[in-house]
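J.: model the structure of this input:
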Amino acid sequence: MTVLIVVGIIVALVILAGVIMFFNEHCEDKFDHAFFTKPMLIILGIAGGLFIWGVSWYNSSIVNAKGYELFGIIFTSETLNGIVLVIIALLIYLGVAIYNFVVTNWIYGFFGTLVQFSLLSIIAYFGVILVVGYFAIMFMLTIFASADNRSHY
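T.: This is a model prediction of the structure:
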């Protein structure tokens, strides 16, 4: 049963990737705008990282914070750092959404932006983890290779 679940998830991901690639090519042909590109991945990755970092900073500084409260948000000198990071991230997201709406129409802009924000933010988040892991492995292999080369002399 576990094998069927894994195969089903893999098939669903392949179908999702195909639909996204079709949608991206369709938008490229119709509007000369692709939603899923490397620059957008980088921009949304930075925005997602700033958002997560800001929320984490706010939550860690709110534990013993005493300050002004507005709409359930506590404003102190420590919590403002996290709030500013979240606002910067939201402004980046808003700028990307407005750009998508300007270069496409409302229907394509809405659905493209919705899928773009959800998928590219997740891909960028896990992509950073994979890249860090890749460089850590390459660093270790380089150290072991250089240690192995020194032992021959």
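J.: what ranges do the strands span in this protein?
T.: 68-70, 73-75 (DSSP state E).
J.: what's the helix ranked longest in the chain packed up against?
T.: Assignment by DSSP state H gives helix 106-151 as the longest helix of the chain. The elements that helix 106-151 packs onto, with contact taken as 3 or more C-beta pairs under 8 Å, 6 or more residues apart in numbering; DSSP states H and E, are helix 2-31, helix 38-61, helix 79-103. Quick note: C-beta positions are derived from backbone N, CA and C, even for glycine.
J.: what's the least confident stretch among the strands of the chain?
T.: Per-stretch mean pLDDT for the strands of the chain is lowest at strand 68-70 (a mean of 65).
J.: and the pLDDT for the most centrally placed residue in the chain?
T.: Closest to where the C-alpha atoms of the chain average out (C-alpha atoms, centre = their mean) is residue 121, at 2.3 Å. Looking at residue 121, its pLDDT stands at 73.
J.: now the helices and strands packed on helix 106-151 as a markdown table including mean pLDDT?
T.: A markdown table is the format used below for those (pLDDT from 0 to 100):
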| stretch | mean pLDDT |
| --- | --- |
| helix 2-31 | 91 |
| helix 38-61 | 85 |
| helix 79-103 | 91 |
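J.: quick one, phi/psi of residue 37?
T.: phi -130, psi 170 (degrees, to the nearest 10).
J.: tell me, how many residues neighbour it?
T.: Number of residues near residue 37 (other C-beta atoms under 10 Å) recorded here: 14.
J.: number the chain from 37, please
T.: Yep, numbering from 37; the last one is residue 73 now.
J.: list the contacts of it.
T.: Counting by C-beta atoms under 8 Å, 6 or more residues apart in numbering, residue 73 touches no other residue.
J.: okay, it and residue 136: tell me how far apart.
T.: In this view, residue 73 and residue 136 are 12 Å apart by C-beta to C-beta, to the nearest Å.
J.: then residue 164?
T.: Counting by C-beta to C-beta, the gap from residue 164 to residue 136 is 23 Å.
J.: please consider this matter closed, and thank you.
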